[in-house]
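Trainee: I would like to see how this sequence folds:
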Amino acid sequence: MYEIDTDPATPQNQVDLGTLSALQRYQLASNTNTPSEVLDQLALDEDWLIQRSTAKNPSTPPDTLAQLARDKDRDIRWYITKNPSTLAGALTHLVNDVDSSVREGITKNPNTPPKALTQLVRDESLHVREGVAANLNTPPETLMRLVVDESLTVRMRVAQNLNTPLEGLTRLAGDKSWEVQQDVAKNHNTDPATLERLALSNTWFVRQAVIQNPSASPELIKAVYEDAVKMGLLNGDFVRSVIQRNVLAPTELCALLALYGEAIAQTIVNSTNIEPGSVLEGQLTSYSFRPASPRVIKSTNSSILSAEAGVSYVRD
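Mentor: Numbering: from 1, shown residues only. Okay, here's the model as predicted:
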């Protein structure tokens, strides 16, 4: 007779399942080192807890998972959608499942094929459509159909998806919701012209997202910053975002440091080339810094920084 070891690192030899207790069978079903032939048998177990554990186990053979995908137990089918070993065929079979949580699970599995995701694009469940909008396997033409979805969160997921075509991002930039506009501004595939358009938004969350986008030009970032100065709408988070893009002159940084002090000092140290002996360095000497995480700093040979390269500092 074989001893059952619950340690996942311990390989399980072939066992006579008829001699094991429910607990021992459950342990086998949960162990990723259980042989595939044993998992095949456990998938037929009369105990639903054991079947569910088998459905969750990534070591369960794909053919067995495909059989479990047809089980009448909703939870077993749901676990199948979560299993990274479930193949496209089994996931496609579940597209028409009566339970929305199962259909939602399909949309979140990276193995779900584009065709199956397209079938779910008009699903009555909001969460299913959200999953379709977020999945990187969703075809661009399917994402375009979701650009006009009635749900705010679905449109937000489309705006976040890196597969969304430029045409879709351009349309979403004009969405009535600033949350959608913000997600378009964050998308690295958004073109410069659209970013310039979003930089005129009345919502500062959108403007801040624009200046954080790698595609935003230094000229655009500077223009957004100068506009904020004129309107008196600067705030700490916005200022830190601008400083991180390294587009401000030392005189501008000195002025900001006088206004925000400690709130932005660390950001300046981590993001700016500080000239030794400069006025900016002199202002920063009024702050004490201590070693923190091993991040790259751009200023060296300065009295406020350690000579050890690659060390960042935070305010005490």
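
Trainee: show me the contacts for Leu253.
Mentor: Residues in contact with Leu253 (C-beta atoms under 8 Å, 6 or more residues apart in numbering) are Ile243, Ile268, Thr272, Leu280. C-beta: built from backbone N, CA, C; applies to glycine.

Trainee: again with His127
Mentor: His127 sits in contact with Ser100, Glu104, where contact means C-beta under 8 Å, 6+ apart.

Trainee: where's it relative to Gln266, distance?
Mentor: Separation of His127 from Gln266 (C-beta to C-beta, to the nearest Å): 40 Å.

Trainee: correct me, but Ser201 touches Gln181?
Mentor: Yes - when contacts are counted by C-beta atoms under 8 Å, Ser201 is listed as touching Gln181 (6.1 Å).

Trainee: So these two - more neighbours on which side?
Mentor: Gln181 (26 against 19; other C-beta atoms under 10 Å).

Trainee: Tally up the residues packed near the nearest residue to the more buried one once chain neighbours are set aside, please.
Mentor: Leaving out its chain neighbours, the residue that sits closest to Gln181 by C-beta to C-beta, 6 or more residues apart in numbering is Val206, at 4.9 Å. Counted by other C-beta under 10 Å, the residues lying close to Val206 total 22.

Trainee: what kind of secondary structure is Val206 in?
Mentor: helix (DSSP: H, G, I helix; E, B strand; the rest coil).

Trainee: ok, now which ones touch it?
Mentor: So Val206 contacts Trp178, Gln181, Gln182, Ala185, Leu198 (C-beta under 8 Å, 6+ apart).

Trainee: What spatial separation is found between it and Ser177?
Mentor: Noted for Val206: a distance of 10 Å to Ser177, by C-beta to C-beta.

Trainee: now do Asp97
Mentor: From Asp97 to Ser177 the distance is 31 Å (C-beta to C-beta).

Trainee: Among the two, which residue is more densely surrounded?
Mentor: Asp97 (18 against 15).

Trainee: Now the more buried one. Nearest residue, chain neighbours left out?
Mentor: In space, and not counting its chain neighbours, Asp97 is closest to Arg103: 5.5 Å by C-beta to C-beta, 6+ apart.

Trainee: what's the answer for Leu49, then?
Mentor: The nearest residue in space to Leu49 (C-beta to C-beta, 6+ apart) is Tyr26, at 6.1 Å.

Trainee: now Tyr225
Mentor: Closest to Tyr225 by C-beta to C-beta, 6+ apart is Val242, at 4.9 Å.

Trainee: Let me see the contact set for that neighbour.
Mentor: Counted by C-beta under 8 Å, 6+ apart, Val242 has contacts Ile211, Ile221, Val224, Tyr225, Leu248.

Trainee: Which ones among the residues you listed map onto helices?
Mentor: Ile211, Ile221, Val224, Tyr225 (DSSP state H).

Trainee: which stretches of the stretch 51-200 of the chain form strands?
Mentor: Taking DSSP state E, counting those that start in this stretch, the stretch 51-200 of the chain contains no strands at all.

Trainee: The nearest residue to Arg74 once chain neighbours are set aside: neighbour count?
Mentor: Excluding its sequence neighbours, the residue lying closest to Arg74 (C-beta to C-beta, 6+ apart) is Asp99, at 5.0 Å. Neighbourhood size, Asp99 [other C-beta under 10 Å]: 14.
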